[in-house]
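K.L.:
Got a predicted model here, sequence first, then my questions.
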Amino acid sequence: MILVFAEDDPVALEALTFARRLGDVEAVAFEDVDLVGYATRVHRVPLEAYAPAAWAQTIVELAADVVVAPGTDRGHEVLAHVAARLDAPLAANCVDVRPDGGVLHVTRQRWGGSLLEEARLTGTPKLLTVAPHAVAAVAAADAPATVREFRPQSLADEDFQVQVVRREEPPAGVVQLDRARVVVGGGRGVGSAEGFAVLDELAELLGGIVGGSRVVTNLGWRPHSDQVGQTGARIAPDVYIACGVSGAIQHWVGCKGAKRILAINSDRDAPLVAKADYAVIGDLHEVVPAVVAELRKL
């Protein structure tokens, strides 16, 4: 059985699409998620409070040959617990997989995505996580997603020693950074917390949201929840407008899933300028207000 840990995150649908390269896919879900078109069967587990050890033990009980999880914080944590309980190897952040008899040949990201490693997974079960935005989520017409309830039988009290007891939800109507179709990012070049006002205005006109680089959050100009990068959100918007962002590898890991990248920077040699689809070489404090003014005319 090829089993995918499916959570309420768009990256989970990418993991399901990725796993179909290996055959028919079943999913295990601890939350109410719509997987029609993505899995032939869904094992729905009535353990909604996040408890990584308990969720991992549930996956162990399902006894799959291959277990795939999205490369999210939860996906990595749960599969790490599974690997420890089964003393099995785990290949993290995979971008490709090729079955070869009883072996899986995988390509995975290392060093923040700056290096691709070829590896072989042997033994049973085989565990892997899928790098966010490595593939596009595509439904399959022949995946009806029949649902059965699964109640694990071997859970112990210690499996619930760590669990989520309360969740702070964002205000109603707020678009989450990793789900926004347009993201306007700001880096050190913005200059101050007040300098983000024009970026907020641009994002509002485009129906998007503002993000920032790590240095911006370290300086206290924006909250950590706005951070794009390896230690922040990994985004995949239709358009990412990076203003005054140099584009260190840690930031590139977070934004490279964008379909189009526009860099606005006075430094034509900045790494993100070289990697962007489009670049405007100039002072963002002049360029962005001019763009805002033209949008308001429209």
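P.N.:
Structure received.
K.L.:
can you give me the strands in the stretch 1-150 of the chain?
P.N.:
2-6, 25-29, 41-44, 66-70, 90-100, 103-110, 115-121, 126-130, 146-149 (DSSP state E, counting those that start in this stretch).
K.L.:
Which one, of the ones you listed, ends up nearest to residue 185?
P.N.:
strand 103-110 (21.1 Å; C-beta to C-beta). For every residue, glycine as well, the C-beta is placed using N, CA and C.
K.L.:
Report the angle between that closest one and strand 66-70.
P.N.:
20 degrees (axes from the mean of the first three to the mean of the last three C-alpha atoms, to 10 degrees).
K.L.:
Report the angle between strand 103-110 and strand 90-100.
P.N.:
140 degrees.
K.L.:
ok, strand 103-110: who's next to it in the sheet?
P.N.:
Strand pairing for strand 103-110, using DSSP bridges, gives strand 90-100 (antiparallel), strand 115-121 (antiparallel).
K.L.:
So which of those is the most surrounded?
P.N.:
strand 90-100 (a mean of 17; mean count of other C-beta atoms under 10 Å).
K.L.:
low-scoring stretches of the stretch 1-150 of the chain, by residue?
P.N.:
112-113, 142-144 (pLDDT under 70).
K.L.:
what do you get if the cut-off is 80, keeping everything else the same?
P.N.:
48, 111-114, 141-145 (pLDDT under 80).
K.L.:
if we can go back for a sec, let's have the strands of the stretch 1-150 of the chain in CSV, adding distance to residue 294.
P.N.:
Formatted as CSV, those follow (distance: least, C-beta to C-beta, whole Å):
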stretch, distance to residue 294
strand 2-6, 43
strand 25-29, 46
strand 41-44, 48
strand 66-70, 39
strand 90-100, 38
strand 103-110, 38
strand 115-121, 40
strand 126-130, 40
strand 146-149, 50
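K.L.:
and of those, who's closest to residue 296?
P.N.:
Of all the strands of the stretch 1-150 of the chain, strand 66-70 comes closest under C-beta to C-beta, at 39.3 Å.
K.L.:
per-domain residue ranges of this structure.
P.N.:
The record's domain parsing of the chain by automatic domain parsing lists 2-160, 177-297.
K.L.:
Let me see the mean pLDDT of the last one.
P.N.:
Spelled out, that is domain 177-297. Domain 177-297 carries an average pLDDT of 93.
K.L.:
all strands for the stretch 151-298 of the chain, in order.
P.N.:
Going by DSSP E, counting those that start in this stretch, the stretch 151-298 of the chain shows strands at 182-186, 209-212, 239-243, 260-265, 278-281.
K.L.:
Need those in JSON lines (columns: mean neighbour count and distance to residue 133).
P.N.:
Compiled in JSON lines, the strands of the stretch 151-298 of the chain are given as follows (neighbours: other C-beta atoms under 10 Å; distance: least, C-beta to C-beta, whole Å):
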{"stretch": "strand 182-186", "mean neighbour count": "28", "distance to residue 133": "13"}
{"stretch": "strand 209-212", "mean neighbour count": "27", "distance to residue 133": "15"}
{"stretch": "strand 239-243", "mean neighbour count": "27", "distance to residue 133": "12"}
{"stretch": "strand 260-265", "mean neighbour count": "22", "distance to residue 133": "13"}
{"stretch": "strand 278-281", "mean neighbour count": "16", "distance to residue 133": "20"}
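K.L.:
need the contact list for the closest residue to residue 291 other than its chain neighbours.
P.N.:
Using C-beta to C-beta, 6 or more residues apart in numbering and skipping residues adjacent in sequence, the residue nearest residue 291 is residue 202, 6.4 Å away. Counting by C-beta atoms under 8 Å, 6 or more residues apart in numbering, residue 202 touches 184, 241, 288, 291, 292, 295.
K.L.:
ok, the third one - contacts?
P.N.:
If I follow you right, that is residue 288. 198, 199, 202, 243, 264.
K.L.:
Once you drop chain neighbours, what's closest to it?
P.N.:
That would be residue 198: by C-beta to C-beta, 6+ apart, it lies 5.1 Å from residue 288.
K.L.:
That neighbour and residue 74, how far apart?
P.N.:
Residue 198 sits at a distance of 36 Å from residue 74 (criterion: C-beta to C-beta, to the nearest Å).
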